[in-house]
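Engineer: pasting the sequence and the predicted coordinates here, then a few questions.
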Amino acid sequence: MSERGGRHEGDSRGQAGFSLRAIAIGGGIGALLSVSNLYVGLKIGVTFGVAATASLVGCLIFKASRNLLPSVCRGSLSREEQACLQACSSSAGFATGAAMVSAVPAYVLVAGSQPSPFILAGLFSLPAVFGIFMGALLRRQMIVQENMKFPNGMAYAETIKSLESSQQADAPKARWFLSSALLGMAAAWCRDMRWPSFAAIPRHVAFPGAWAGRPAQQYTMGWDNSGVLLAAGALMDFRTAASLLAGSLAAYGLLAPWMVRLGAIESSHLGYIAIVQWSTWLGAPIMAASALTSLLLRWRSISGLFAGLADAFEPKASSSAEVQLPENWILGGILALGIGVAANLRCAFGAPWLLALASAVLLAVLSIAACRVTGESGAVPTGAMGNVTQICAASAGSLGAGCNLAAASMVASSAISSSDMLTHFRCGAVLGVNPRHQFYSCLCGAAIGTLAVMPAFYMLLAAPGSLGSDAWPAPAAQVWASIAKLLVRGPAALHPSIHWALAAGTCIGVCLPVLETLYPVCRKYLPSPAGLGLGIVLPFSMALPMFAGSLMARLAAARLSKRVGSGIPSIAAGIMAGESLMGLLSAVVRSLVR
């Protein structure tokens, strides 16, 4: 059975996926991982995706619970239950709390005090639910009609299928998945814990020599030893991966040395943080402008999202191959949540009503842009979309840094939640899962994640002055706060090169989709705007292994047997699941030891 634009391998819509046991297990895992992600993120500035990990841990918990609760844990978790478990845990553990390690602590740095629970919920929880509704609205366009890849969603589906195969038969894909997961765990252990010493793997290998008169490593020239990067590249389209490498090489190898000579990039502490504070102004407009241009070029199909809502979901004699979401009340939910976001900006931060309402509109627009980037590359440009919001808020009027960061925080939460929702819809399209069940699961996850991460935030930062210290370095928050402080001074305070970067990025982002539409035959020779913009923001040491992973997958699919080539998604998903699980555990252990 197949859905238009999807690739269903079987259909599990007749099964009860939105079950109490799936939500209980997924919500419990997501709650624990949301707190862990908050703790680790405030230490090292990154968060970990938890969906693939949740599937593995969820199956283990379910099997262990059979003896304790035989009436509840009968049989095995179905595909649809595992998909709902993934959606709930990801919404709780990753999507809901990602802004809590960047924009929200940046707001604390600027304000000097913790926000009230009402304001804190408005900064990340309310826009996170808004993002889930946006993802539900965009499902038909991006998943059904355009069949966008959403590589992480495909990896999640492979994870579920491999776990199912391991229960039913000793299938090759299951063996590949489990073997690669063990390999990823072992590599992450040797890299992060450096034990045993003879097997220790360096986290980063800096390239020797000099570049533009400085050590090459100052321009992020090196290699990050992360299997997740290789696996993400293997799941990425080769054109996108090549564009990502080209963008990163251009930004850090060519433009950064030029900007250092011009004084646009601080040379006294040259490194990734210093460079990305400039390169963001080029990469973010490329991603945002290209996504919005692509959307406008498909205006005929986009208009179908809003046409005929009155009778779009009246009972009709259609097959179950296309189970739609009730877009009429989804639009109502988006409207109500948008008004809530605007009211929060107005009441809590003193933003003018017109600007507050404009921010709610921008929330929707940039969520769409983030979804398109994620659909093509698998990476969620949370920081880029937040920085675009900071620019817009600063250009709209003389607002304080706190209001600037509040608007950026809301966009970050909405962007990552909408992208996460569509990623799970892609997983469901592959497996044949009822999208309504996934939608409900993400809503439950958002509620669970909020209840878990908010108390943890107040407990960990009981003394707000500790943020930015050795105890809680919060490097991601430092970048957001510095950009907000710079923008509040006004556009005149920006280096002239930043104005040119904004203009160039916007032109590139508009021209590439137009050229792809006018000359579709030449599309494969044009750079991917999503990959190009993302590469400009990512350090070269991360872009290189992602390109290497895509190249290896391409060569394996072309030169090895079809059977091996078809197993690449399972291998990549296993590496991502294994390393993310062990990387998270080892990071927590090392943070506690310190």
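Structural biologist: That came through, no problem. Residues are numbered from 1 along each chain as shown.
Engineer: skip the chain neighbours and tell me the closest residue to the one residue sitting closest to the centre of the chain.
Structural biologist: By C-alpha atoms, centre = their mean, the chain has its centre lying nearest to Val380, at 3.2 Å. Spatially, and ignoring its direct neighbours in sequence, Val380 is nearest to Ser419 (4.6 Å; C-beta to C-beta, 6 or more residues apart in numbering). Where C-beta positions appear, they are placed from N, C-alpha and C, glycine not excepted.
Engineer: neighbours of the one you found, how many?
Structural biologist: By the other C-beta atoms under 10 Å criterion, the neighbourhood of Ser419 contains 29 residues.
Engineer: work out for me the element it sits within.
Structural biologist: Element membership for Ser419 (DSSP states H and E) is helix 401-431.
Engineer: so which elements touch the following helix or strand past that helix?
Structural biologist: Using DSSP H and E, the helix or strand that follows helix 401-431 towards the C-terminus is helix 435-460. The elements that helix 435-460 packs onto, with contact taken as 3 or more C-beta pairs under 8 Å, 6 or more residues apart in numbering; DSSP states H and E, are helix 20-44, helix 79-90, helix 117-139, helix 401-431.
Engineer: for the closest residue to Gly400 other than its chain neighbours, give me the pLDDT.
Structural biologist: Of all residues not flanking Gly400 in the chain, Val488 sits nearest, at 6.5 Å (C-beta to C-beta, 6+ apart). Note on Val488: pLDDT of 72.
Engineer: now Gly338
Structural biologist: So, for Gly338, pLDDT stands at 92.
Engineer: likewise Glu322?
Structural biologist: Taking Glu322 on its own, its pLDDT is 46.
Engineer: begin at 36 from now on, thanks
Structural biologist: With the count now opening at 36, the last piece we talked about shows up as Glu357.
Engineer: and Ile606, how far from Gly219?
Structural biologist: Distance, Ile606 to Gly219, using C-beta to C-beta, to the nearest Å: 10 Å.
Engineer: now Gly62
Structural biologist: Taking C-beta to C-beta as the measure, Gly62 falls 25 Å from Gly219.
Engineer: who has more neighbours, these two?
Structural biologist: A count of neighbours by other C-beta under 10 Å puts Gly219 above the other of Gly62 and Gly219, at 28 against 24.
Engineer: so the more buried one touches Glu614, yeah?
Structural biologist: Yes: using C-beta atoms under 8 Å as the test, Gly219 is close enough to Glu614 to be in contact (3.8 Å).
Engineer: what do these two both touch?
Structural biologist: Residues touching both Gly219 and Glu614 (C-beta atoms under 8 Å, 6 or more residues apart in numbering) are 262-263, 266.
Engineer: if you rank the residues you listed by neighbours, which is first?
Structural biologist: When neighbours are counted by other C-beta under 10 Å, Ala266 leads these with 31 neighbours.
Engineer: quick one: contacts of the strand or helix carrying it?
Structural biologist: Using DSSP H and E, Ala266 falls within helix 262-269. With C-beta under 8 Å, 6+ apart as the test, helix 262-269 has contacts from 186, 190, 218-219, 222-223, 276, 413-414, 577, 580-588, 603-604, 606-608, 610-611, 613-615, 618.
Engineer: at 7 Å what do you get?
Structural biologist: Outside helix 262-269, the residues that touch it by C-beta atoms under 7 Å, 6 or more residues apart in numbering are 219, 222, 276, 413, 577, 580-585, 587-588, 603, 607, 610-611, 614-615.
Engineer: which elements pack onto the next helix or strand after it?
Structural biologist: Sequence-wise, the next helix or strand downstream of helix 262-269 (DSSP H and E) is helix 273-284. Under the contact criterion of 3 or more C-beta pairs under 7 Å, 6 or more residues apart in numbering; DSSP states H and E, helix 273-284 touches helix 564-572, helix 575-594.
Engineer: now tabulate those in CSV and tack on mean neighbour count.
Structural biologist: Shown next, in CSV, are those (neighbours: other C-beta atoms under 10 Å):
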stretch, mean neighbour count
helix 564-572, 30
helix 575-594, 20
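Engineer: want to throw the ones you listed into TSV with mean pLDDT?
Structural biologist: As requested, the helices and strands packed on helix 273-284 are exported to TSV (pLDDT from 0 to 100):
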stretch	mean pLDDT
helix 564-572	88
helix 575-594	91
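Engineer: dump those helices to CSV, plus distance to Leu372.
Structural biologist: Converted to CSV, these look like this (distance: least, C-beta to C-beta, whole Å):
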stretch, distance to Leu372
helix 564-572, 27
helix 575-594, 34
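Engineer: between those helices, which gets nearest to Leu104?
Structural biologist: Nearest to Leu104 among those is helix 575-594 (41.0 Å), distances taken as C-beta to C-beta.
Engineer: and Gln121, what does it touch?
Structural biologist: By C-beta under 7 Å, 6+ apart, Gln121 lies in contact with 61, 86, 89-90, 191, 459, 462.
Engineer: so after the helix or strand bottoming out on mean pLDDT in the chain, what's the next helix or strand?
Structural biologist: The weakest-scoring helix or strand in the chain, judged by mean pLDDT, DSSP states H and E, is helix 334-338 (a mean of 53). Where DSSP H and E defines the elements, the next helix or strand beyond helix 334-338 is helix 362-384.
Engineer: the residue nearest to Cys557 when sequence neighbours are not counted: how many residues sit nearby?
Structural biologist: Spatial nearest neighbour of Cys557, excluding adjacent residues (C-beta to C-beta, 6+ apart): Leu550 at 7.0 Å. For Leu550, the neighbour count with other C-beta under 10 Å is 14.
Engineer: give me the pLDDT value at Leu550.
Structural biologist: For Leu550, the model assigns a pLDDT of 94.
Engineer: hmm, it is touching Arg558, no?
Structural biologist: No: if you go by C-beta atoms under 7 Å, Leu550 and Arg558 don't touch, sitting 8.2 Å apart.
Engineer: how far out from the middle of the chain is whichever strand or helix holds Ala324?
Structural biologist: Using DSSP H and E, Ala324 falls within helix 307-332. Centroid separation between helix 307-332 and its chain, computed with C-alpha atoms, centre = their mean, to the nearest Å, is 15 Å.
Engineer: report the buried residues of it.
Structural biologist: Neighbour-count burial for helix 307-332, counted by 16 or more other C-beta atoms under 10 Å, picks out 307-330.
Engineer: name the helices or strands packed onto it?
Structural biologist: Packed next to helix 307-332, using 3+ C-beta pairs under 7 Å, 6+ apart, are helix 388-412, helix 417-431, helix 510-523, helix 531-553, helix 564-572.
Engineer: deepest in the core, which of the ones you listed is it.
Structural biologist: Mean neighbour count (mean count of other C-beta atoms under 10 Å) peaks for helix 564-572 among the helices and strands packed on helix 307-332, with a mean of 30.
Engineer: what does that helix rub up against?
Structural biologist: 275-276, 278-283, 286, 311, 314-315, 317-319, 321-322, 325, 407-408, 411-412, 414, 416, 418-419, 544, 547-548, 578.
Engineer: and with 6 Å instead?
Structural biologist: Residues from elsewhere that reach helix 564-572 (C-beta atoms under 6 Å, 6 or more residues apart in numbering): 275, 278-279, 282-283, 286, 314, 317-318, 321-322, 325, 408, 411-412, 414, 419, 544, 547, 578.
Engineer: what of stretch 226-238?
Structural biologist: 225, 260, 621.
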